[in-house]
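*Asks:* only the shape, not the letters, is given here:
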């Protein structure tokens, strides 16, 4: 079953085969006992473990499983089947909505509501009480009530869209979707400019992608994984037009041309570009972009493909005109596809600490923030510095105070020239916020640490909670700490 840490949205290319179970079907009748064999007893002997309700071999067991005998984990299996169907229905509803198939979308949502009602009535999934916890896909405990709440958010979002009655023009959104390689760069490869060091390790990647190569890669991703072909067959987009626009949106070096991506009435955009790194499902960045229409353009950068599709879906369903979605490893994208000095503000919300096993309050070693598993290592800070325009800002928000303080120490040690001593200019300067916004919580070697939620001076145009913000809040982790940094002008 799919443990929905994030509700994945499918690419629309699979939606031509949309079909959903009848909304009135009783989910309790969905499965026979998992692993049961034919209803008539064959020649082989019965499984004694199955008769005791505890055979773990399922259909691989060579002894007969009587379907009339319930297993001890039957309730858990039933609820897992319900959650798996809910994830599928959410994906089908999103795909149907994107393709303008409102009846199919409503049908899927009706069935999802019926399943949610059954889960509410049971008050349990996987055999634990309502509000209890199970293991999610990241290995952390996630409340079942939170999972149901997130699914209801999706149903509400889709219901609002279907009531609007409009079929989205997908072409304009495809041309603001850029899916690059998801190959992760190690910290060693990130050092010395990311792509240059990776090239030394792999002869096939001896240089950054050219305009032609990058455009072909992006078009292939849209056709194979985003459903461009299917949308074109339905008259919702044009493959040829997307191909032409992708070429125009890339520089000869393969970097993104923000002013062309966000052209308005045929004129290049002169608005500043703001970038969120590791955007998750896109709730926060979509809200910020909508709040700054006409004032700034936004881009959401995310590694995981299912979340890239989620951001794309939100961009379309909410008709966000000033948002682009980028898929790929952040270190590689910043090195190869973001032009130097082209971003006005970078945001990193709820970055994952390098050692997740460290408990809150236990302290995080400064050295631990530099290991290869941590995204926010010194090399990545340098990559973000390179992407920022002079005077550009960087805001990092986390629920982990110790981790934020360790990042402050990392920033304090960075110098414009690698290996420079304490007298050398700092790479990034700490920003002193107005008293009515920031809640100071001390400083680390001159880098201010703030508590609470960032406000406009830290770049948050509107108060909005991301999926991860809601997740941690549900787990009673309500403390927030952040850094606000600036590239020297």
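*Replies:* Cool, got the structure. Please read all numbers here as calculations on a predicted model, not as lab measurements.
*Asks:* grab the most central residue of this protein for me.
*Replies:* residue 280 (2.3 Å; CA atoms, centre = their mean).
*Asks:* nearest residue to residue 317 other than its sequence neighbours?
*Replies:* residue 161 (4.7 Å; CB to CB, 6 or more residues apart in numbering). Any C-beta I mention is one placed from the backbone N, CA and C, and that applies to glycine too.
*Asks:* now the strands for the stretch 151-300 of the chain?
*Replies:* Under the criterion DSSP state E, counting those that start in this stretch, the stretch 151-300 of the chain carries strands at the ranges 177-179, 273-277, 297-302.
*Asks:* kindly report the same for the stretch 351-489 of the chain.
*Replies:* 388-398, 429-430, 439-444, 447-451, 481-486.
*Asks:* JSON lines please, covering those strands and showing distance to residue 177, mean pLDDT and mean neighbour count.
*Replies:* Output for the strands of the stretch 351-489 of the chain, formatted as JSON lines (distance: least, CB to CB, whole Å; pLDDT from 0 to 100; neighbours: other CB atoms under 10 Å):
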{"stretch": "strand 388-398", "distance to residue 177": "24", "mean pLDDT": "97", "mean neighbour count": "21"}
{"stretch": "strand 429-430", "distance to residue 177": "34", "mean pLDDT": "96", "mean neighbour count": "18"}
{"stretch": "strand 439-444", "distance to residue 177": "38", "mean pLDDT": "90", "mean neighbour count": "14"}
{"stretch": "strand 447-451", "distance to residue 177": "34", "mean pLDDT": "95", "mean neighbour count": "21"}
{"stretch": "strand 481-486", "distance to residue 177": "29", "mean pLDDT": "96", "mean neighbour count": "23"}
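*Asks:* distance to residue 375 for these - can I get that in JSON lines?
*Replies:* Shown next, in JSON lines, are those (distance: least, CB to CB, whole Å):
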{"stretch": "strand 388-398", "distance to residue 375": "11"}
{"stretch": "strand 429-430", "distance to residue 375": "20"}
{"stretch": "strand 439-444", "distance to residue 375": "19"}
{"stretch": "strand 447-451", "distance to residue 375": "19"}
{"stretch": "strand 481-486", "distance to residue 375": "15"}
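*Asks:* residue 181: which of these is closest?
*Replies:* Among the strands of the stretch 351-489 of the chain, the nearest to residue 181 by CB to CB is strand 388-398 (23.2 Å).
*Asks:* quick check: residue 337 vs residue 51, distance?
*Replies:* Counting by CB to CB, to the nearest Å, the gap from residue 337 to residue 51 is 60 Å.
*Asks:* more crowded one of the two?
*Replies:* Per other CB atoms under 10 Å, whichever of residue 337 and residue 51 has more neighbours is residue 337, with 23 against 14.
*Asks:* wait, isn't residue 63 in contact with residue 51?
*Replies:* No: between residue 63 and residue 51 there is no contact under CB atoms under 8 Å: 9.7 Å.
*Asks:* ranges for the helices of the stretch 1-150 of the chain?
*Replies:* Secondary structure of the stretch 1-150 of the chain (DSSP state H, counting those that start in this stretch): helices at 48-51, 74-98, 102-122, 144-164.
*Asks:* ranking those helices by burial, who's on top?
*Replies:* Burial of the helices of the stretch 1-150 of the chain is given as mean neighbour count (mean count of other CB atoms under 10 Å); helix 74-98 ranks first at a mean of 22.
*Asks:* what bridges to the closest residue in space to residue 349 that isn't next to it in sequence?
*Replies:* Leaving aside its sequence neighbours, residue 349 sits nearest to residue 397 (CB to CB, 6+ apart; 4.9 Å). Going by DSSP bridges, residue 397 is paired in beta bridges with residue 349, residue 482.
*Asks:* list the contacts for residue 397?
*Replies:* By CB atoms under 8 Å, 6 or more residues apart in numbering, the residues touching residue 397 are 347-350, 453-454, 480-482.
*Asks:* ditto for residue 53
*Replies:* So residue 53 contacts 69-72 (CB under 8 Å, 6+ apart).
*Asks:* I'd like the distance between it and residue 219.
*Replies:* Counting by CB to CB - residue 53 and residue 219 are separated by 54 Å.
*Asks:* can you check residue 435 too?
*Replies:* Using CB to CB, residue 435 is found at 51 Å from residue 219.
*Asks:* these two: who's more crowded?
*Replies:* Using other CB under 10 Å, the more surrounded residue of residue 435 and residue 219 is residue 219, with 19 against 8.
*Asks:* the stretch 351-489 of the chain: helices as residue ranges?
*Replies:* Secondary structure of the stretch 351-489 of the chain (DSSP H, counting those that start in this stretch): helices at 378-387, 401-413, 467-474.
*Asks:* and for the stretch 151-300 of the chain?
*Replies:* 170-174, 187-190, 195-201, 211-225, 228-233, 239-248, 258-261, 283-291.
*Asks:* least confident of those helices, on average?
*Replies:* Note on these: helix 195-201 shows the lowest mean pLDDT, a mean of 38.
*Asks:* if we can go back for a sec, can you redo the helices of the stretch 151-300 of the chain as TSV with distance to residue 95?
*Replies:* Output for the helices of the stretch 151-300 of the chain, formatted as TSV (distance: least, CB to CB, whole Å):
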stretch	distance to residue 95
helix 170-174	12
helix 187-190	36
helix 195-201	35
helix 211-225	13
helix 228-233	9
helix 239-248	19
helix 258-261	25
helix 283-291	19
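*Asks:* closest one to residue 267 among these?
*Replies:* Nearest to residue 267, of all these, is helix 258-261, at 9.2 Å by CB to CB.
*Asks:* where does the stretch 301-450 of the chain have low pLDDT?
*Replies:* Scanning the stretch 301-450 of the chain for pLDDT under 70 picks out the ranges 355-373, 420.
*Asks:* got a markdown table for the helices of the stretch 1-150 of the chain, with mean pLDDT too?
*Replies:* What follows is the helices of the stretch 1-150 of the chain, written out as a markdown table (pLDDT from 0 to 100):
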| stretch | mean pLDDT |
| --- | --- |
| helix 48-51 | 88 |
| helix 74-98 | 85 |
| helix 102-122 | 88 |
| helix 144-164 | 83 |
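*Asks:* between the ones you listed, which gets nearest to residue 313?
*Replies:* Between residue 313 and the helices of the stretch 1-150 of the chain, the tightest spacing by CB to CB is seen for helix 74-98, at 5.1 Å.
*Asks:* same for the closest one, what does it pack against?
*Replies:* helix 102-122, strand 124-125, helix 144-164, helix 305-317 (3 or more CB pairs under 8 Å, 6 or more residues apart in numbering; DSSP states H and E).
*Asks:* so which elements touch the last one?
*Replies:* To tie it back to what came earlier, the one meant is helix 305-317. helix 74-98, helix 144-164, helix 170-174, strand 177-179, helix 283-291, strand 297-302, strand 323-327.
*Asks:* by how many degrees do the fifth one and helix 305-317 diverge?
*Replies:* When axes from the mean of the first three to the mean of the last three CA atoms, to 10 degrees is applied, the directions of helix 283-291 and helix 305-317 differ by 30 degrees.
*Asks:* how about residues contacting helix 283-291?
*Replies:* 274, 276, 279, 296-298, 300, 311, 314-315, 318, 320, 322-323, 347, 349, 460-462, 464-467, 469.
*Asks:* buried subset of the contacts of residue 397?
*Replies:* Buried members of the contacts of residue 397, counted by 16 or more other CB atoms under 10 Å: 347-350, 453-454, 480-482.
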